[in-house]
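[1] got a predicted structure plus its sequence, pasted below:
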Amino acid sequence: MISVNSVTKRFGERVAVNNVSFTVETGEIMGFLGPNGAGKTTTMRIITGYMPPTEGSVRVNDMDVFEHPYEVKRIIGYMPEHPPLYLEMTVKEYLRFAAELRGLRGQRIKEAIDRVVELCGISHVFNRLVGNLSKGYRQRVGLAQALVHDPEVLVLDEPTVGLDPRQIVEIRQLIKDLGKDKTVILSTHILQEVTTICDSVTIINNGKVVASDKIENLSRRFAEKLSILIRVRRPEVIDIDKIRAIEGVENVQWSDEKSLRVYLSADVDIRERLAGEIFSMSAGLLEFRTETPGLEDIFIKVVTEELNVT
């Protein structure tokens, strides 16, 4: 488990991270989101022991990161946005070097390397120089070094950058599988990636946590104004005033020439009545769909409006 408690990091007068708190349970994959410069990378560096906080504390598996630095580093695998690769080494040499740094010796090194080479799909570049690899394969090698010691905790910063669509699907599935028995923090700008892989999400903006919860819980909390998308065959017969007159309807807007969106009060379920009204107008109902906010809607709302929904 990872527990970040009231962490603040200052660089001179600039506050990069401001009183950040969140937890990630064992077996949970948390998506860590925020615009550029929000404080994500600084927070991850603090979690991994790369730098100390100015205030606050971080505990990993109930150990304070800065009171037990060596013990914590042994159980963390960290893949920064720009993996720490040695371009003059072959993949084999680099992974052996990474394994030795992690304290592996003898037969354990070979077993660990064989495991991560298979996991990350890099067997056919195993003897090539890292410097001659494409960006996508360098990302895979960077992920392999983070996994070589089979850590209990993974901190991954943009792990699918530079991968082709097929590789992205494979690495996403790998991370999802790893999350079944590991604690994972995944930072990415690809919101679909978070929706596909993650159990929960923490959004940071201007150094502060502005949202942190399970994805489905955030969707429910942001569905203060439900909307229904209605698409009809004969829009000319729709009487907008009749729809607006239904109790519980807050607003009605045309989305395109054949679709309108009806905004509802959160505490009133009028879907049956609304559908009946559309049928009575003989408009030729083609689609009737309740819409709830997706992760992209939530992200934009909390970042642009500076809401705090933790």
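    In hand now; what should we look at?
[2] tell me which stretches of the stretch 101-250 of the chain form strands.
    All strands of the stretch 101-250 of the chain, identified by DSSP state E, counting those that start in this stretch, fall at 153-157, 183-187, 200-205, 208-214, 227-232, 249-256.
[3] can you redo the ones you listed as JSON lines with mean neighbour count and mean pLDDT?
    Just so you know, the C-beta spots here come from the backbone N, C-alpha and C atoms, and that holds for glycine as well. Shown next, in JSON lines, are those (neighbours: other CB atoms under 10 Å; pLDDT from 0 to 100):
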{"stretch": "strand 153-157", "mean neighbour count": "23", "mean pLDDT": "96"}
{"stretch": "strand 183-187", "mean neighbour count": "25", "mean pLDDT": "96"}
{"stretch": "strand 200-205", "mean neighbour count": "24", "mean pLDDT": "95"}
{"stretch": "strand 208-214", "mean neighbour count": "20", "mean pLDDT": "94"}
{"stretch": "strand 227-232", "mean neighbour count": "19", "mean pLDDT": "92"}
{"stretch": "strand 249-256", "mean neighbour count": "14", "mean pLDDT": "89"}
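[4] adding distance to Gly103, write the ones you listed out as TSV.
    Written out in TSV, the entries for the strands of the stretch 101-250 of the chain read as follows (distance: least, CB to CB, whole Å):
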stretch	distance to Gly103
strand 153-157	16
strand 183-187	20
strand 200-205	31
strand 208-214	34
strand 227-232	55
strand 249-256	59
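[5] which parts of the stretch 51-200 of the chain are helices?
    In the stretch 51-200 of the chain, the segments counted as helices under DSSP state H, counting those that start in this stretch are 69-74, 91-101, 107-120, 135-147, 165-178, 191-197.
[6] bridged to the residue most central in space within the chain, which residues?
    Compute the mean C-alpha point of the chain, and by CA atoms, centre = their mean the closest residue is Gly31, 2.5 Å away. Bridge pairing for Gly31 (DSSP bridges) gives the partners Leu186, Val201.
[7] residues contacting it?
    186-188, 193-194, 197-198, 200-202, 215 (CB atoms under 8 Å, 6 or more residues apart in numbering).
[8] what's the closest of those residues to Phe11?
    Ser187 (19.6 Å; CB to CB).
[9] am I right that the closest one is in contact with Thr42?
    No: between Ser187 and Thr42 there is no contact under CB atoms under 8 Å: 11.3 Å.
[10] break the chain into its domains for me.
    Following automatic domain parsing, one gets these domains for the chain: 2-213, 224-291.
[11] what about the helices in the stretch 201-310 of the chain?
    Assigned by DSSP H, counting those that start in this stretch, the stretch 201-310 of the chain shows helices spanning 215-222, 240-244, 271-280, 295-304.
[12] just say which of the ones you listed is most tucked in.
    Of all these, helix 295-304 carries the top mean neighbour count, a mean of 18, counting by mean count of other CB atoms under 10 Å.
[13] contacts for that helix next, please.
    Outside helix 295-304, the residues within contact range by CB under 8 Å, 6+ apart are 33-35, 191, 194-195, 201, 203, 205, 210-211, 215, 218-219, 222, 293, 307-309.
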